[in-house]
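1. just need the structure, nothing else, for what follows:
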Amino acid sequence: MKKLLILLATTLTFSAFSQTREQVLTTIRTAVTAFDQKVGTNGAYVWFYLPDFSRSWGEAEAFRNMGWVERPGGVPAMGNIFLDLYIATNDRFYYDLARKSAKALIAGQLDNGGWNHFFSLDGDTAMERWYNTIGRQAWRMEEFMTFYQSATFDDYVHGDALFFLLRMYLQSRDSTYLLPLQRAIDLILRSQKRSGGWPERYPLELESYTSNLTLNDDVTLTNILSLIYVYQTHVARTPEIRQAIFAGMNVIVALQSGDPAPGWARQFCRITMKPTEGRTYEPAAINTSFTVEQIDALMDFYRLTGETKFLARIPEAIDWLESLAMTPEEIAFVGRTVSRTSITVPRNIDHITGEAIWTHRRGSNVATGYYFFNTDDPTNTIGHMSSFANININRLRRDYAATRGLSREEILATSPLFTEEKMPLPRLHSPISLRWATHDRTAAEIIETLNADGFWITPLPFTSHPYQTIPQALWDAPKRSDDMRFATTQVGDEFDTSPFPPTEPIYGISVPIFITNIARLIQFLETLP
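-> Numbering: from 1, shown residues only. From the prediction side, this is the model:
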C-alpha cells in the first residue's frame, strides 16, 4: 500500500505539472500573438500603449510606426524575449518573431553602423516631424530636442542592439546578422578616442555636449562590455578589439579626479579630460552617484584582469564619499528621509573647490524655462534629477575587500580576456529582466490576469501632455521668468511634452511588464521536469 501511494503521488504530481505546462504555453502563445498582431509594427515596438493605440510612448511620446531601441522596452528587448522563448520551447514560431524584430532593428541601423534612440518605419520625414514637435518641446529632455542624425551610445542603445544581433548570429550562424553586427562592432572601434573613452554620439557633434567623453548612462562601460562579448565568443577575437577593451578600462583610471574630490564626473572634455558640462542641468562637477558606478566598474576590471591598478585608488574614493555624509538635521532640512543603510550626500561636487553644487530651474516650458546652479541653497532643487544621492558605504567596503582577496591566478584562469576557449553567452537573457521586476508574480497570477484580448492591462508609469504649439511670443521673450510652479516637478505646463507620473492611474499595455511576465513564465517552464 505504501509503495502504491508513492506511485500515485508521483503520477499526480506529474499530471499537475503537465497541465500547468500546457496552461503556461497557451498563455504565452496568446500574449505573444496579440503583441505581434496588434501592438508591434513589423517587429518594431516602443514601451507603452493605450489600449486603443491612440497614443504610445518610448522615453517620450512616440508615433505609431516607431521602434524604440532604448531599454526597458523596445526592439532589442522584445527580440531577446522572443529568442528566449524559442530556446526554452523549441517552437519555431518564436524564432520567426525574433527574426522579425531583428529585421526591424537592422532596418533602423544607420549608415555608420549605429542607432538613434529610436527609428521610424516611415523614414526621416516622420523623424523630423517628431523632433520638430514632441522632441523640441520636451523641456528637460535635451537629448531629444535635436535631430542629430548620428548614432548614440547613450542609454545602452548601441550595446543592447549589438547584443541582440550577436545572440541571433550565434543562435543561427545566419550571415544575415553578421554584416550589421560587424558594422556595429566597427563603430565602437572607430569612435573610440585615443584616450580610450567614447563620446555620447558619433560622428561628433562638435557644437554639442554629446561630443564629450561620456560616462553618463554607462556609455563607456557598455562599449567595453559589448567588445568583451564579441571577444569571448570568438565572433571577433582580434588584437584591435583586445586593445580597445583595455584602453576603455584604463581611461576610467585616468579620469579619476584628485583632491578635493577624488571621484568621477558624468562627462569630460575630449581635449583636456577635465569635468565639463552636459545638459544645461548637468554642471561641470564630480558626481557622487557616478563615482559609485565607477568604483564598481573598477572592481569588475580587476576581476577580469587581476591588475591592481584598478583597485589602487578605490579606498580614497570611498573615504571621500563617506566624508560627504549629511547630518540628520541637514537631511531633514531639504525634505529627505534618513536611510538606515545608506548615507545621503550631495550629488554634484565642484572638482576645484570641493563645494556642493545645487541645480534649480525657473519658468514653465522650454521657451520660458532655464536652469541655474548655486552652492548655497539646497532647497527646491529640480525634481527630475535629484541633487542628492544615497550611498551604501558598507556595501562598497565589503565588495572592495572581497575583490582585493581574489588572486591573480584564479582570475586569469576564468577571465574571457585570457582564456583561449570560447566562452558562450548565458543561454537565456530573460533572467536579467527579472532583476528589475517590481512585482514578484507567480505563474498562476500571470495566467489569471491576461485579458480576453491577450494583454496584461496595467497602470502606466507615466503619461505626457499632447503636443500643442508654443506661441511664438513665448519663444521670443527673454528667459527671465521667476515662475517657480515647476521648480521641483517632473513636467512644466501644458506645452511641455516631457513625460510625468499621472495623478490618477492610466491603464494600458506595457512592454516591460509583458517582458517581465514572459520571463517569469519561461523561468517556470525551466523548473519543470
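2. just after the helix or strand of the chain with the lowest mean pLDDT, pick out the following helix or strand.
-> When the helices and strands of the chain are scored by mean pLDDT, DSSP states H and E, helix 2-34 comes last with a mean of 65. Sequence-wise, the next helix or strand downstream of helix 2-34 (DSSP states H and E) is strand 48-49.
3. now do the helices in the stretch 151-300 of the chain.
-> Secondary structure of the stretch 151-300 of the chain, counting by DSSP state H, counting those that start in this stretch: helices at 157-172, 175-191, 219-232, 239-254, 288-305.
4. quick one: closest of these to Met141.
-> Among these, helix 157-172 comes nearest to Met141, with 14.7 Å by C-beta to C-beta. Heads up, the C-betas are built off the backbone N, CA and C, glycines and all.
5. which helices and strands sit right next to that closest one?
-> Applying 3 or more C-beta pairs under 8 Å, 6 or more residues apart in numbering; DSSP states H and E, one finds that helix 157-172 contacts helix 75-89, helix 92-107, helix 175-191, helix 219-232.
6. could you export those to a markdown table, including columns for mean neighbour count?
-> Shown next, in a markdown table, are the helices and strands packed on helix 157-172 (neighbours: other C-beta atoms under 10 Å):
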| stretch | mean neighbour count |
| --- | --- |
| helix 75-89 | 25 |
| helix 92-107 | 20 |
| helix 175-191 | 19 |
| helix 219-232 | 23 |
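7. make JSON lines from those and add mean pLDDT and distance to Phe333 to it.
-> Output for the helices and strands packed on helix 157-172, formatted as JSON lines (pLDDT from 0 to 100; distance: least, C-beta to C-beta, whole Å):
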{"stretch": "helix 75-89", "mean pLDDT": "98", "distance to Phe333": "41"}
{"stretch": "helix 92-107", "mean pLDDT": "98", "distance to Phe333": "48"}
{"stretch": "helix 175-191", "mean pLDDT": "98", "distance to Phe333": "44"}
{"stretch": "helix 219-232", "mean pLDDT": "98", "distance to Phe333": "35"}
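8. Serialize those helices to JSON lines and add fields for distance to Asn116.
-> Shown next, in JSON lines, are the helices and strands packed on helix 157-172 (distance: least, C-beta to C-beta, whole Å):
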{"stretch": "helix 75-89", "distance to Asn116": "12"}
{"stretch": "helix 92-107", "distance to Asn116": "12"}
{"stretch": "helix 175-191", "distance to Asn116": "13"}
{"stretch": "helix 219-232", "distance to Asn116": "15"}
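9. what's the burial count for Ile241?
-> Neighbour count of Ile241, defined by other C-beta atoms under 10 Å: 18.
10. that one touches Leu227, doesn't it?
-> Yes. At 5.3 Å, Ile241 and Leu227 qualify as touching, with contact defined as C-beta atoms under 8 Å.
11. okay, and the common contacts of the two?
-> Ile185 (C-beta atoms under 8 Å, 6 or more residues apart in numbering).
12. for the stretch 301-450 of the chain, which spans come out with low pLDDT?
-> 436-438 (pLDDT under 70).
13. the strands in it, which residues?
-> Using DSSP state E, counting those that start in this stretch, the strands assigned to the stretch 301-450 of the chain run over residues 343-346, 348-349, 358-362, 370-374, 388-391.
14. CA atoms only: put stretch 365-372 into CSV for me.
-> The C-alpha coordinates for stretch 365-372 follow below in CSV (Å, rounded to 0.1, in the frame of the first residue of the first chain):
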residue,chain,number,x,y,z
ASN,A,365,8.3,75.2,-20.5
VAL,A,366,11.3,75.0,-22.9
ALA,A,367,10.5,78.5,-24.2
THR,A,368,10.3,80.3,-20.9
GLY,A,369,12.3,78.0,-18.7
TYR,A,370,16.0,77.9,-17.7
TYR,A,371,18.3,76.1,-15.3
PHE,A,372,20.9,77.6,-13.0
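15. going forward, begin numbering at 25 instead of 1
-> From this message on, residue numbering opens at 25, which makes the last subject stretch 389-396.
16. want to throw the helices of the stretch 175-324 of the chain into a markdown table with distance to Val70?
-> Shown next, in a markdown table, are the helices of the stretch 175-324 of the chain (distance: least, C-beta to C-beta, whole Å):
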| stretch | distance to Val70 |
| --- | --- |
| helix 181-196 | 14 |
| helix 199-215 | 21 |
| helix 243-256 | 21 |
| helix 263-278 | 31 |
| helix 312-329 | 27 |
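17. so which of the ones you listed is nearest Ile130?
-> helix 199-215 (4.8 Å).
18. please enumerate residues in contact with that closest one?
-> With C-beta under 8 Å, 6+ apart, helix 199-215 has contacts from 126, 130, 133, 136-138, 175, 177, 182, 185-186, 189-190, 192-193, 222-223, 226, 247, 250-251, 254, 259-260, 264-265, 268.
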